[in-house]
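In: Dropping the sequence and predicted coords here.
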Amino acid sequence: MGKKVVIVGGVAGGASVAARVRRLDESAQVVMFEKGPNVSFSNCCLPNHLSGMIENSEDLVLMCPDNFNKQYNIDARVNQEVTGIDRVNKTVTVQELETGKVYQEGYDALFLAPGANPIVPPIPGYDKPHVFSVKNVVDIDKINKFLLNGVKDVIVVGGGFIGVEVAENLKLSSQGYHVTLVEKADQIMCTMDYDMAQILHKELMDNDVDLILEDAIAKIFDDSVELESGKTLKAQAVIMAIGVTPDTKLAKENDLAIGETGAILVNQHYQTSDPDIYAVGDAIEVFHQLTHKKTKLALAGPAQKQARSAADHLYGRPTRNNGVIGSSCIKIFEMNVASTGLTECAAQKSGIPYDMVYIIPGDIVGLMPGNSQFFFKLVYEVPTGKILGAQAISRGNATKRVDVIAAMITMGATLEDLKELELCYAPAFSTAKDPVNFAAMVALNLLNGEFKQVAVTKVRELVENDAFIIDAREPGEYAASHLITAKNIPLSQFRQRLDEIPKDQPVYVHCRSAQRSYNMARALGQLGFDNIINISGSFLGICMYEYYNDQTRNRKPIVTDYNFC
C-alpha cells in the first residue's frame, strides 16, 4: 500500500490534488472530504443557472463520489466535515453531518483546500429568509427556486465577479426581474481601472440594471432595503456577493501559521508550517510576481496549478513557483472583459514607476462584419518599458489580447518585445497591426518622449478650465456630438488652419479613437508647436468615462449628445 493522502475540500483545488496524486501513484489511498453534498462542481458557472443558460442545477455537478471511486479509485466523502487535526498522531477528526457520527481518519500527507467563504456583513436583517449568498450548487438552486416564486425586485450587493454575473444572468432570464446592483466603491470590477470600469457601468445601465455606486446596504426589511445614504429600495430578494474571505478556520484552530494577508501561510511548495500538511486554492497566501508582495487570489486556474505542484512535491518531483500575476476575464452582456497583471491603480499602490496607453482600435478589420471598437489599456514600467499589465473590453475577442500580454509578463518582456511580437492575422480575426503591437508602439513613443498625452480622467477639468481643445474629426462627426468647448479643426484641414492654433498655451487634441489626433499631434510637433498634447482614449473614451457620472450626478454634461457614443 502506498501513501495515504487525505484532502479537505474538493472543487478546483482539492479535486485536482486527488486526480494528480492518483496519476502519480496508483497504489496511494486517496480520501477526499467535502462538507457539502457536491465534491466537484463548476462554481464559475453557478450564476448561469439564474438565466436558464444552464437549465438544471444538477448539470453544475461535474463528478459524483461514485464516479470518483469507479474511474479514479478516489474515496470522495460528501456531507462530512473535518473538524480537527491531530498533527502529532497524523489524524483528522471527521463529523458526518447527516448522522452526527464522529470518527478519526489517519493520513501520511494532508492537503487543505477549504476555499473561501462569502462575506456577509452582520447588518440588521442579514439573516432573513430572502437574503442569500452564492458559494455552491445548493445555494444557487435555493436562490433560483425562491426567485421563481413570484419575485420581481432583486437587490444584488457587490460589484465583483459574482455580483456582476448574478445581476447579468437575472436580466438575461425570461422572468422580467427588476435588478439593482449596489456597490460601496466608486466602481465595479476592481480588476479594472476606474476609467475602464466606466465602460462596464454603461453596459449595465444600457441593459436596464439599476447601478448604485458609493453606497451600501444598511438595513434589510421584509420587502425593501435601506441604504447608508438613506435611500429605500424595493427588495423581495437580496443576494449578497460582496466578496469572499479565505476559510482559515481549520488552520487557525490547529495552530498552522497564518500569513500577513490573513490567508494560510505556505512555502514555495505549498507546505504549511507543518511540512506534512499542504494547502492550496482560495484559502492560501500567494506571492505576486510583479509587486513582490504577498496577496490573495481566488481563481480556479491558479488553484489547479497549485494543486499539481503540491502533489508533485509530495512525490519528489521538481516544481517551480513563479508566483501569480492575476489574469481574469468576464462577460458582461455584450462586452467581453479581460485583465492581467497590474492596473494603473495597483502600480501606484505598489510604488512602481509606470505610465500607460489607452487605445481604441478596431478588434478586426473594419470592412468585416461584426467588427467593433476594442478598448485596450497597457501599463508599463518607466524607464525600463517592462510590461506590467493590460485591460481590454470589446464585443470582440478581448481575452485573446490579454492572454498575449499575460504570456509576455510571465516571460519578463518589454515594450520592444511586444512591438516585434509576430501574431496571427486574417481580416476576420485581427488587424495586420494587432492592437497589442499598436499599443506597444504608442507606449514606446511616449517612453521616448516623442509626444505627450493626457488621460480621459482629466478632460472634464480641461473643459471646465476652458483649455484649448481641438476636435480632429470631420465636421459631420463634430455636429453629431462633441465636447462642449472643443474647436473643430479636422485632420483634413489643419495644415491650412495653423493660424487658429495657439503657440502660447497647451493645445489638447482628440478625434474618435485617438488615431487622427495622434497624427495631428506628431505633425504639429514638426511644424513648430511644442505644446501639443494628445487625449488618450479620445472622444469614445471620454464619452464612456463621463456617461455614468453625467447620468447619475447633478452636474453639467461636457458632451453634447451621448447617444452618438
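Out: That came in fine, so what should we check first? Numbering: from 1, shown residues only.
In: I'd like the mean pLDDT over stretch 411-427, please.
Out: Taken as a whole, stretch 411-427 carries a mean pLDDT of 95.
In: how about Ala167, what does it touch?
Out: 156, 179, 181, 204, 209 (C-beta atoms under 8 Å, 6 or more residues apart in numbering). All C-beta spots, glycine's among them, are computed from the backbone N, C-alpha and C.
In: which of the residues you listed lies closest to Thr340?
Out: Using C-beta to C-beta, Leu204 is the member of those that sits closest to Thr340, with 22.7 Å.
In: quick one: contacts of the helix or strand where the closest one lies?
Out: When secondary structure is defined by DSSP states H and E, Leu204 falls within helix 194-206. The contact list for helix 194-206, computed with C-beta under 8 Å, 6+ apart, reads 164, 167-168, 181, 186-189, 192, 211, 213, 332-335, 337, 345, 358, 375, 377, 391, 393, 455-457, 537, 541, 544-549, 551.
In: Do a quick rundown of the strands in the stretch 1-150 of the chain.
Out: Under the criterion DSSP state E, counting those that start in this stretch, the stretch 1-150 of the chain contains strands at 4-8, 29-34, 40-41, 61-63, 74-78, 80-86, 91-96, 102-106, 109-112, 116-118, 131-133.
In: Grab the CA positions of the longest one and hand them over as CSV.
Out: Spelled out, that is strand 80-86. The C-alpha coordinates for strand 80-86 follow below in CSV (Å, rounded to 0.1, in the frame of the first residue of the first chain):
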residue,chain,number,x,y,z
GLN,A,80,-18.6,15.1,6.0
GLU,A,81,-16.7,17.9,7.8
VAL,A,82,-13.1,17.7,9.0
THR,A,83,-13.3,19.5,12.4
GLY,A,84,-9.9,18.9,13.8
ILE,A,85,-6.3,17.8,13.1
ASP,A,86,-4.0,15.8,15.4
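In: now that strand: how far from the chain's centre is it?
Out: Strand 80-86 sits 33 Å away from the centroid of its parent chain (C-alpha atoms, centre = their mean, to the nearest Å).
In: Show me what that strand pairs with in its sheet, parallel or antiparallel.
Out: The pairing partners recorded for strand 80-86 under DSSP bridges are strand 91-96 (antiparallel).
In: quick one: average confidence on the strand it pairs with?
Out: 97.
In: picking up where we left off before, just tell me which of the strands of the stretch 1-150 of the chain ends up closest to Leu462.
Out: Shortest distance between Leu462 and these, using C-beta to C-beta, is found for strand 116-118: 42.6 Å.
In: which one among the contacts of Ala167 gets closest to Asp127?
Out: Once C-beta to C-beta is applied, the member of those that ends up nearest Asp127 is Val156, at 18.2 Å.
In: does the closest one count as helix, strand or coil?
Out: strand (DSSP: H, G, I helix; E, B strand; the rest coil).
In: Most neighbours out of the contacts of Ala167, which is it?
Out: Sorting these by how many neighbours each has (other C-beta atoms under 10 Å) puts Leu181 first, at 28 neighbours.
In: So it, which state does it fall into?
Out: Assignment for Leu181 (three-state DSSP): strand.
In: which residues does it bridge with?
Out: Judged by DSSP bridges, the bridge partners of Leu181 are Val156, Leu211.
In: doesn't Ile212 make contact with it?
Out: Yes - using C-beta atoms under 8 Å, Leu181 is in contact with Ile212, at 7.0 Å.
In: Hmm, His130 and Phe221 touching each other?
Out: No - between Phe221 and His130 there is no contact, the gap being 9.9 Å when judged by C-beta under 8 Å.
In: okay, and the common contacts of the two?
Out: Joint contacts of Phe221 and His130 (C-beta under 8 Å, 6+ apart) are Ala235.
In: who has more neighbours, these two?
Out: His130 (20 against 14).
In: Let me know how buried the residue nearest to the more buried one when sequence neighbours are not counted is, in neighbour terms.
Out: Excluding the flanking residues, the one nearest His130 by C-beta to C-beta, 6 or more residues apart in numbering is Ala237, at 5.1 Å. Neighbourhood size, Ala237 [other C-beta under 10 Å]: 21.
In: residues contacting Ala237?
Out: Under the criterion of C-beta under 8 Å, 6+ apart, the neighbours of Ala237 are 130-132, 143, 146-147, 151, 153-155.
In: would you list these in a markdown table and tack on distance to Asp75?
Out: Shown next, in a markdown table, are the contacts of Ala237 (distance: C-beta to C-beta, whole Å):
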| residue | distance to Asp75 |
| --- | --- |
| His130 | 38 |
| Val131 | 36 |
| Phe132 | 32 |
| Ile143 | 31 |
| Phe146 | 35 |
| Leu147 | 37 |
| Val151 | 41 |
| Asp153 | 46 |
| Val154 | 40 |
| Ile155 | 42 |
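In: Show the buried residues in those residues.
Out: 130-132, 143, 146-147, 151, 153-155 (16 or more other C-beta atoms under 10 Å).
In: Just send the residues you listed back as a markdown table, with pLDDT too.
Out: Converted to a markdown table, those look like this (pLDDT from 0 to 100):
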| residue | pLDDT |
| --- | --- |
| His130 | 96 |
| Val131 | 96 |
| Phe132 | 96 |
| Ile143 | 95 |
| Phe146 | 96 |
| Leu147 | 95 |
| Val151 | 95 |
| Asp153 | 97 |
| Val154 | 97 |
| Ile155 | 98 |
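In: what's the closest of those to Cys45?
Out: Ile143 (14.1 Å).
In: measure stretch 213-223 end to end?
Out: With C-alpha to C-alpha, to the nearest Å as the measure, stretch 213-223 spans 21 Å from end to end.
In: Going by neighbour count, which residues of it are buried?
Out: 213, 216-217, 220.
In: go on, stretch 313-332?
Out: Of all the residues in stretch 313-332, those buried under the rule 16+ other C-beta under 10 Å are 313-314, 321, 323-330, 332.
In: Over to stretch 251-267?
Out: Residues of stretch 251-267 classed as buried by neighbour count (16+ other C-beta under 10 Å): 251, 254, 256, 258-259, 263-266.
In: Take the residues you listed and keep only those in helices.
Out: Using DSSP state H, the subset of the buried residues of stretch 251-267 located in helices is Ala251.
In: and the buried residues of stretch 251-267 as a markdown table, adding distance to Val137 and pLDDT?
Out: Formatted as a markdown table, these follow (distance: C-beta to C-beta, whole Å; pLDDT from 0 to 100):
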| residue | distance to Val137 | pLDDT |
| --- | --- | --- |
| Ala251 | 25 | 96 |
| Asn254 | 28 | 95 |
| Leu256 | 29 | 97 |
| Ile258 | 29 | 97 |
| Gly259 | 30 | 96 |
| Ala263 | 25 | 97 |
| Ile264 | 25 | 97 |
| Leu265 | 31 | 98 |
| Val266 | 28 | 97 |
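In: List just the nearest of the buried residues of stretch 251-267 to Ser481.
Out: Ala263 (47.9 Å).
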